[in-house]
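Chemist: Sequence and predicted structure, then a few things I'm wondering about:
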Amino acid sequence: MSIAYQRFVIDELPKGPLEERHFRLEEGVLPALEAGQVAVRVILISQDAANRAWLQGATYRGAVQTGDVMPSGAIAEVLASEDPAFAPGELVYGDIGWQSHAIMAGAALRKVGPHRPLTHHLSLLGVAGKTAYHGLFQAAGIHAGETLLVSAAAGSVGSLVGQLGKLKGARVIGVAGGPEKCAWVRDTLGFDECLDYRDESRPLPKALAAVAPGGVDVYFDNTGGPILQAALFAMREQGRIACCGAVSMYDGAPRPGPVGVPGLIVVKRLTLKGFIVSDYAHLDGDAEHELALWAKQGQLHMEEDILEGLEAAPRGLIGLLAGQNRGKRMVRLAPDPA
């Protein structure tokens, strides 16, 4: 069976803001399968701010090199298999990247469960949902009556963190870019407040002081940069900060770290905990069960921002880094199997 593919590879590693010219579209035919390998057709590609961080060098994964397929998680259908664990027609998830079809080691794939819609396996039950769940409940901890601050509150992770905080009885303040996003965060997601960090008439430190005069107990940081700095000054003594990402610092020239480090951390006796979602993989079953249940009960809203076609992947990631998405962004390459 001859299977043609299209894929985006890294043509040039970016030294500044990400541009479409940094990617190159290639076409070809997949080689014959070897023992332990699986041929797949990609259905959905996940797009995450971390994709940009991977282009800066080695992180919690190896450095991406020029000529590599642009990495990302994806859901795919098995077309052919030389691995007895997988059969044609089964749906799988793996770090497949930006490509229409691929040959993957069976060991690098896992089967997708029966929950539907299929998109939830990239959003609610995927990295976004599990990051929100583990980061808030394990890395930070949240209790009823506490004040929770969430940056990138309209994004895939932040939008869920705030809703989970409300489920646990916290007062939730979001930070997002623009009045439309802030209105959506309050009115649709149910946050108590949402502050527009782009509003020059109301600088974020002053806005935070107005809506949280008693301070913040927990800050879920998706952005780093100036928002982290404002949060440090707003924290209560013994406050906790879950450091999930730094999207404000991924794309472009390096920026200096926030003012107040380490002074405020010492004086306020703050706890800052960095984490990645795989740190809590042993609790994924709990996360999937509760997230699916809360969504079924109408207690969680999962917004999905779906672009169409592989050619949309570069502009999709660039737009995500510019804050153009609302909720979980992904790219659909093929319809769900019947």
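Modeler: Nice, thanks for sending it over.
Chemist: Look through this protein and tell me its longest helix.
Modeler: helix 284-296 (DSSP state H).
Chemist: Can I get that one in PDB, CA atoms only?
Modeler: Listed next in PDB are the C-alpha coordinates belonging to helix 284-296 (Å, rounded to 0.1, in the frame of the first residue of the first chain):
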ATOM      1  CA  ASP A 284      -4.300  10.900  35.000                       C
ATOM      2  CA  GLY A 285      -7.100   8.400  35.500                       C
ATOM      3  CA  ASP A 286      -8.500  10.600  38.300                       C
ATOM      4  CA  ALA A 287      -8.200  13.700  36.100                       C
ATOM      5  CA  GLU A 288     -10.000  12.100  33.100                       C
ATOM      6  CA  HIS A 289     -12.800  10.700  35.300                       C
ATOM      7  CA  GLU A 290     -13.500  14.000  37.100                       C
ATOM      8  CA  LEU A 291     -13.100  16.300  34.100                       C
ATOM      9  CA  ALA A 292     -15.400  14.200  32.000                       C
ATOM     10  CA  LEU A 293     -18.000  14.000  34.800                       C
ATOM     11  CA  TRP A 294     -18.000  17.700  35.400                       C
ATOM     12  CA  ALA A 295     -18.400  18.400  31.700                       C
ATOM     13  CA  LYS A 296     -21.200  16.000  31.400                       C
END
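Chemist: Buried residues in that helix, which are they?
Modeler: 287-288, 290-292, 294-295 (16 or more other Cβ atoms under 10 Å). For glycine as for every other residue, the C-beta is placed from the backbone atoms N, C-alpha and C.
Chemist: Which elements pack onto that helix?
Modeler: helix 127-134 (3 or more Cβ pairs under 8 Å, 6 or more residues apart in numbering; DSSP states H and E).
Chemist: where does this structure dip in pLDDT?
Modeler: Within the chain, the ranges that satisfy pLDDT under 70 run 253-254.
Chemist: hey, where'd the helices end up in it?
Modeler: Applying DSSP H to the chain gives helices spanning 50-53, 127-134, 158-167, 179-187, 204-211, 225-234, 263-267, 284-296, 313-321.
Chemist: Would you reformat the ones you listed as TSV and include distance to residue 32?
Modeler: As requested, the helices of the chain are exported to TSV (distance: least, Cβ to Cβ, whole Å):
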stretch	distance to residue 32
helix 50-53	30
helix 127-134	32
helix 158-167	42
helix 179-187	49
helix 204-211	57
helix 225-234	48
helix 263-267	56
helix 284-296	35
helix 313-321	27
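Chemist: Please identify which of these is closest to residue 112.
Modeler: For residue 112, the closest of these is helix 284-296, at 11.6 Å, according to Cβ to Cβ.
Chemist: Tell me how far the longest helix of the chain lies from the chain's centre.
Modeler: The chain centre lies 17 Å from the centre of helix 284-296; the measure is Cα atoms, centre = their mean, to the nearest Å.
Chemist: so what's the backbone phi/psi at residue 3?
Modeler: phi -120, psi 120 (degrees, to the nearest 10).
Chemist: if you skip the residues just before and after it, what's nearest to it?
Modeler: residue 30 (4.5 Å; Cβ to Cβ, 6 or more residues apart in numbering).
Chemist: Same check on residue 19?
Modeler: In space, and not counting its chain neighbours, residue 19 is closest to residue 318: 7.1 Å by Cβ to Cβ, 6+ apart.
Chemist: doesn't residue 23 make contact with that neighbour?
Modeler: No. Contact criterion Cβ atoms under 8 Å: residue 318 and residue 23 do not qualify, at 9.9 Å.
Chemist: Need the overlap of contacts for the two.
Modeler: Residues touching both residue 318 and residue 23 by Cβ atoms under 8 Å, 6 or more residues apart in numbering: none at all.
Chemist: domains of the chain?
Modeler: 4-123+303-332, 127-279 (automatic domain parsing).
Chemist: Of the ones you listed, which is nearest residue 338?
Modeler: Closest to residue 338 of these is domain 4-123+303-332 (Cβ to Cβ; 10.3 Å).
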